[in-house]
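this one's sequence-less:
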């Protein structure tokens with residue numbers, strides 16, 4: 001949030017809003033009457049940016065629904081369809097550092113916009129760079145503005161209660177859950193959804209439960225960072241005899257989870273582990289509630305860099321599965337298309353601790369995920385087992401899928417391109433990495449390549465971003481990609497096997513070979529994360 005066209009400030013927010021408003025009014029039927037819903041998080045200037053955007057849309061003749069205070073991002077996605085809007089907008093930088101902010105746009109279906117809409121909006125922004133001279137001085141007196149909160153929240157809770165399976169046992173306060181909002185906006189909605197699910201009140205991490213744009217207790221306000229980010233939550237849980245921690249990121253669209261083991265140590269679940277737990281919970285409980293359901297018309301999905309265990313789970317249970325590109329906009333888009341085909345959406349997830357339950361909204365939702373995992377924990381503890389115990393049951397049933405996902409900081413995009421150019425080797429992709437032979441390759445960087453298709457063209461869409469997936473003869477799958485939002489070069493490697501110890505050892509050795517031969521940190525200026 002500073003001056004310059006590459007940053008969030010009054011000018012760039014105004015320009016983005018002018019372009020989006022022009023696109024909506026001129027290219028989307030009923031845009032003025034149906035309007036747009038706008039929300040914002042607790043970061044510096046988020047409210048001001050939301051008001052600037054609202055004033056701009058009103059100036060263009062559009063109806064505007066504006067939340068009256070900070071709100072979790074998934075409520076804006078939900079509100080887009082709930083209010084019948086043509087678009088939704090939330091001002092948030094999610095779990096990014098405190099200096100950042102962002103501008104996130106939803107389509108009428110409550111899913112983040114995808115191609116070609118994003119290109120059309122960009123073109124309209126570039127055509128409307130000169131400010132229209134809009135002021136926020138009379139914003140709240142404009143008859144086109146409607147202030148919203150409880151109306152959207154109450155409908156959201158009503159719809160999410162369809163995924164509340166055991167309200168009669170949830171109130172047992174012997175099950176103690178610790179919750180942190182990571183200095184973000186999740187607390188109020190987390191309290192509300194716990195109450196509506198008949199869950200006993202959680203134990204809040206006092207230092208982190210209220211919005212604070214400085215994020216004073218964490219180096220990075222991202223619960224995905226693990227032990228460091230959850231330090232205060234673990235300390236709070238220890239003081240209160242709590243065995244389960246639930247953590248939202250600052251805009252509450254992600255969920256992290258940790259459970260205390262019998263030896264006193266804490267297990268911090270990976271995004272893939274939580275993903276399979278959410279899938280197993282929603283499926284088993286939905287079938288118990290709807291025994292007449294056609295299993296073949298139940299649908300789950302995840303991104304291509306997330307665990308293949310979901311596909312194994314779906315195959316064994318006889319339900320439908322879909323894979324898509326990285327990013328929840330693709331998961332939401334896929335689920336929306338399957339819903340139109342008559343499928344019931346159970347869930348979707350990405351390994352970066354993002355989960356969607358029931359397809360409402362069509363975006364990741366840390367609030368509904370927290371309620372689901374809280375209810376699951378109550379159910380499991382009353383059944384004489386634990387969350388880790390249930391995960392182990394899933395492994396025994398569907399296979400041990402072990403992952404090693406990490407990243408290097410890469411601050412020069414040209415370096416990232418050079419690394420991937422070497423991997424492509426002029427189209428003559430390598431056939432092995434150290435002792436590990438490669439069976440197939442998929443390159444989703446335009447123009448794309450897939451060694452498994454007759455015409456060598458990928459089934460998934462290609463883009464300008466760097467992304468290659470290697471399929472090994474030992475069954476491992478490794479995807480390397482450049483982040484679209486951070487200066488990171490990421491790798492996602494997974495191997496399944498019957499024995500978790502030997503599988504993990506083989507996986508870790510493969511990862512070291514991938515780092516040495518593909519990423520080459522000794523040759524290129526890549527920086528390992530400090531932890």
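All right, it came through fine. Everything numeric here is computed off the predicted structure, so don't read it as measured data.

the closest residue to residue 520 other than its chain neighbours: what's it in contact with?
Nearest residue to residue 520 in three dimensions, chain neighbours excluded: residue 419, at 7.0 Å (C-beta to C-beta, 6 or more residues apart in numbering). (C-beta placed from N, C-alpha, C; glycine too.) Shown in contact with residue 419 (C-beta atoms under 8 Å, 6 or more residues apart in numbering): 410, 489, 518-520, 524.

if I look at residue 419, how far off is residue 7?
Relative to residue 7, residue 419 is positioned 28 Å away (C-beta to C-beta, to the nearest Å).

ditto for residue 104
Distance, residue 104 to residue 7, using C-beta to C-beta: 16 Å.

compare the two (neighbour count), which wins?
Taking neighbours as other C-beta atoms under 10 Å, residue 104 and residue 7 compare with residue 104 leading, 21 against 13.

that one belongs to a helix?
No - assignment of residue 104 by DSSP: H, G, I helix; E, B strand; the rest coil gives strand, placing it outside any helix.

which SSE is residue 336 in?
Take DSSP states H and E as the rule and residue 336 turns out to sit in helix 328-340.

residue 311 now?
helix 309-317.

who touches the next helix or strand after that helix?
Next helix or strand after helix 309-317 toward the C-terminus (DSSP H and E): strand 320-324. Strand 320-324 is touched from outside by 296-304, 310-311, 314-315, 330-331, 333-335, 338, 343, 460, with contacts defined as C-beta under 8 Å, 6+ apart.

one more time with 6 Å
Surrounding strand 320-324, the residues in contact under the criterion C-beta atoms under 6 Å, 6 or more residues apart in numbering are 299-301, 303-304, 311, 314, 330-331, 334.

check stretch 303-316 too.
Here stretch 303-316 makes contact (C-beta under 6 Å, 6+ apart) with 272, 276, 279, 300, 302, 321, 323-324, 326, 350-351, 398-399, 401, 479, 492.

also stretch 162-171?
Stretch 162-171 is contacted from outside by 197-200, 285, 357-358, 375, 378-379, 382, using C-beta under 6 Å, 6+ apart.

now those: which count as buried?
Neighbour-count burial (16 or more other C-beta atoms under 10 Å) applied to those gives 197-200, 285, 357-358, 375, 378-379.

residue 499 - nearest residue in space that isn't next to it in sequence?
residue 400 (7.2 Å).

report the beta-bridge partner residues of the one you found.
residue 497 (DSSP bridges).

what's it in contact with, if anything?
By C-beta under 6 Å, 6+ apart, the neighbours of residue 400 are 497, 500, 503.

just these now: which is nearest residue 177?
Of all those, residue 500 has the smallest distance to residue 177: 27.4 Å, by C-beta to C-beta.

SS state for residue 53?
Secondary structure, three-state DSSP: residue 53 is helix.

cool, the one 3 residues further on as well?
Taken by three-state DSSP, the conformation at residue 56 corresponds to helix.

over to the one 10 residues further on?
State at residue 66, reduced to three classes by three-state DSSP: strand.

and if you look at the one 3 residues further on?
Assigned with three-state DSSP, residue 69 falls in the coil class.

just give me the neighbour total for it.
Considering only other C-beta under 10 Å, residue 69 is surrounded by 13 other residues.

likewise for the one 4 residues further on?
Residue 73 is surrounded by 32 other residues when neighbours are defined as other C-beta under 10 Å.

tell me the spacing between it and residue 114.
If you measure residue 73 against residue 114 using C-beta to C-beta, the figure is 17 Å.

and residue 60, what is it in contact with?
Contacts of residue 60 (C-beta under 6 Å, 6+ apart): 21, 25.

what separates it from residue 231, distance-wise?
Per C-beta to C-beta, residue 60 is found 47 Å from residue 231.

one more: residue 451?
45 Å.

does residue 525 belong to a helix, a strand or coil?
Look at residue 525: counting by three-state DSSP, its state is coil.

and the pLDDT at it?
pLDDT for residue 525: 95.

and residue 300, how far is that from residue 392?
21 Å.

who has more neighbours out of these two?
It is residue 300, of residue 300 and residue 392, that has more neighbours when counted by other C-beta under 10 Å, with 26 against 14.

which strand residues bridge that one?
In this entry, residue 300 is beta-bridged to residue 321, residue 347, by DSSP bridges.

report the contact partners of the residue nearest to residue 448 when sequence neighbours are not counted.
Spatial nearest neighbour of residue 448, chain neighbours left out: residue 462 (3.7 Å); criterion: C-beta to C-beta, 6+ apart. By C-beta under 6 Å, 6+ apart, the contact set of residue 462 is 444, 446, 448.

can you do 8 Å?
Here residue 462 is in contact with 444-448 (C-beta under 8 Å, 6+ apart).

what of residue 452?
Neighbour list for residue 452: 440, 442, 471 [criterion: C-beta under 8 Å, 6+ apart].

just for the protein, where's the confidence low?
Low-confidence segments of the chain, defined by pLDDT under 70: 1-6, 531.

quick check, central residue of it?
Residue closest to the average C-alpha location in the chain (C-alpha atoms, centre = their mean): residue 354, at 3.2 Å.

from memory that residue sits against residue 332, does it?
No - in this structure, residue 354 is not within contact of residue 332 by C-beta atoms under 8 Å, at 10.6 Å.

filter the contacts of residue 452 down to just the ones in strands.
Counted as lying in strands by DSSP state E, out of those, are 440, 442, 471.

quick one: buried ones out of the residues you listed?
Taking 16+ other C-beta under 10 Å as the criterion, what is buried in these is 442, 471.

is it possible to export the ones in strands among the contacts of residue 452 to CSV including distance to residue 150?
Listed next are those as CSV, based on distance: C-beta to C-beta, whole Å:
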residue, distance to residue 150
440, 52
442, 47
471, 50
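
just the ones in strands among the contacts of residue 452 now: which is nearest residue 126?
When these are compared for distance to residue 126 (C-beta to C-beta), residue 442 wins out at 33.3 Å.

which residues touch that closest one?
449-452, 458, 460, 468-469, 471.

now with 10 Å?
Residue 442 makes contact with 304, 448-453, 456, 458-460, 462, 467-471, 477, 479 under the criterion C-beta atoms under 10 Å, 6 or more residues apart in numbering.

go on, residue 467?
The neighbours of residue 467, taking C-beta under 10 Å, 6+ apart as the test, are 304-305, 325-326, 420, 442-445, 448, 460, 479-482, 484, 490.

what of residue 453?
Listed by C-beta under 10 Å, 6+ apart, the contact set of residue 453 reads 440, 442, 459.

wasn't it part of a helix?
No - with three-state DSSP as the criterion, residue 453 is coil rather than part of a helix.

roughly how far does it sit from residue 147?
Residue 453 is 52 Å from residue 147, where distance means C-beta to C-beta.

equivalent analysis for residue 405, please.
42 Å.
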